[in-house]
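[1] missing the sequence, but the structure's below:
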């Protein structure tokens, strides 16, 4: 791969855009119609985004399992340009029975079966990045990650990641994977900063850190500036959105951070991607860190 630029970062040995697209809001409660979702994915690709994050659990009812994976596969297939450089990341181990609840299954048998089904929905020979979605208290963590290792060894996935992990789990996963842990995906935003230790450890280990809900979640993203005055103030100084400031702040934290803001409209993902070119001063970064 070519050397990364200010617009790209690395997940394992794969170069991707420094801002990704989170697919979850296109498939859960409040999701838009399919045409708008596909237009949003196409707008992301047009802008230069080459990382799309999904999960088999991003759906509404028990009858539309894998809705988001199917949607992304359809959007990529219908895109007029080259998509060979797009890394699709998906996850397994978190489930939605269809009654609005979220449940867990981290057993090796389930994870391997879920990965096979994700492979079919995405229509690929190997999943670009497969992530263990969330620890299952009923299953030893090493057993769950061991299944991810087996999938990696079998060539069914190209890169292995974990999500919603603590520092001890990050270290254990990297050990079980023989130093091949490529990414950690945890919640991180101006309102949720308790994943700083995981971000710092990922940076230390050279592992990509993918903040989910970086703008506070789809229902709160539009109020980010109102809820976080420092981000609103600096956005006003720079003539950009508070959302752009937020993503630029995250990018400045580490060269291993790759935010994956969710979006359901072409204009919002274009605005998010523009954060790649936004340069914050050390004083501005310090102000946001302290906010």
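    Yep, that arrived. All figures in this text were calculated on a predicted structure; none of them were measured in a lab.
[2] helices and strands of the chain: which one bottoms out on pLDDT?
    Averaged element by element with mean pLDDT, DSSP states H and E, the chain has its least confident helix or strand at strand 94-95 (a mean of 92).
[3] tell me the helices and strands packed up against it.
    Helices and strands touching strand 94-95, by 3 or more C-beta pairs under 8 Å, 6 or more residues apart in numbering; DSSP states H and E, are strand 103-104. From N, CA and C alone the C-beta is placed, and that goes for glycine too.
[4] the strand it packs on: how far from the chain's middle?
    19 Å (C-alpha atoms, centre = their mean, to the nearest Å).
[5] same question, stretch 85-100
    Distance of stretch 85-100 from the chain centroid (C-alpha atoms, centre = their mean) equals 11 Å.
[6] distance between the ends of that stretch?
    35 Å (C-alpha to C-alpha, to the nearest Å).
[7] buried residues, it. List them.
    Neighbour-count burial for stretch 85-100, counted by 16 or more other C-beta atoms under 10 Å, picks out 86, 87, 88, 89, 90, 91, 92, 93, 94, 95, 96.
[8] can you add distance to residue 8 and give the residues you listed back as CSV?
    Listed next are the buried residues of stretch 85-100 as CSV, based on distance: C-beta to C-beta, whole Å:
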residue, distance to residue 8
86, 13
87, 11
88, 17
89, 15
90, 21
91, 23
92, 27
93, 29
94, 29
95, 33
96, 33
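[9] where along this protein do the helices fall?
    34-47, 67-78, 108-122, 141-153, 167-176, 196-205, 224-227, 229-238, 242-253, 266-273, 282-290 (DSSP state H).
[10] just name the most buried of these.
    Comparing the helices of the chain by mean neighbour count (mean count of other C-beta atoms under 10 Å), helix 242-253 ranks first with a mean of 24.
[11] what separates it from the chain centre, distance-wise?
    15 Å.
[12] i'd like the first residue to be 715 from this point on
    Got it, the first residue is 715 from now on, which makes the last one we talked about helix 956-967.
[13] quick one: mean pLDDT for that helix?
    Mean pLDDT, computed over helix 956-967, is 97.
[14] so what does that helix touch, helix or strand wise?
    On a contact count with 3+ C-beta pairs under 8 Å, 6+ apart, helix 956-967 meets helix 938-941, helix 943-952, helix 980-987, helix 996-1004.
[15] average pLDDT for the longest one?
    For helix 943-952, the mean per-residue pLDDT is 97.
[16] give me the contact list for it.
    904, 938-940, 955-956, 958-960, 963, 992, 994, 998, 1001-1002, 1004-1005 (C-beta atoms under 8 Å, 6 or more residues apart in numbering).
[17] centre of the chain to that helix, how far?
    The answer for helix 943-952 is 25 Å, by C-alpha atoms, centre = their mean.
[18] between helix 956-967 and it, find me the angle.
    100 degrees (axes from the mean of the first three to the mean of the last three C-alpha atoms, to 10 degrees).
[19] one step back: put together a markdown table for the helices and strands packed on helix 956-967, with distance to residue 894 on each row.
    Formatted as a markdown table, these follow (distance: least, C-beta to C-beta, whole Å):
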| stretch | distance to residue 894 |
| --- | --- |
| helix 938-941 | 35 |
| helix 943-952 | 36 |
| helix 980-987 | 29 |
| helix 996-1004 | 32 |
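[20] endpoint to endpoint, stretch 899-912 covers what distance?
    End-to-end for stretch 899-912, by C-alpha to C-alpha: 9 Å.
[21] er, stretch 780-799 actually
    23 Å.
[22] tell me which of the buried residues of stretch 799-814 is nearest to residue 827?
    For the buried residues of stretch 799-814, the residue nearest residue 827 by C-beta to C-beta is residue 806; the value is 8.7 Å.
[23] distance of that closest one from residue 749?
    To residue 749, residue 806 is 28 Å away according to C-beta to C-beta, to the nearest Å.
[24] got it, and residue 934?
    Where residue 749 is concerned, residue 934 sits at a distance of 26 Å (C-beta to C-beta).
[25] before we move on, what about residue 757?
    Relative to residue 749, and taking C-beta to C-beta, residue 757 is found at 13 Å.
[26] quick revisit: nearest to residue 720, of the helices of the chain?
    helix 956-967 (8.9 Å).
[27] just the angle between that closest one and helix 910-919, please?
    50 degrees.
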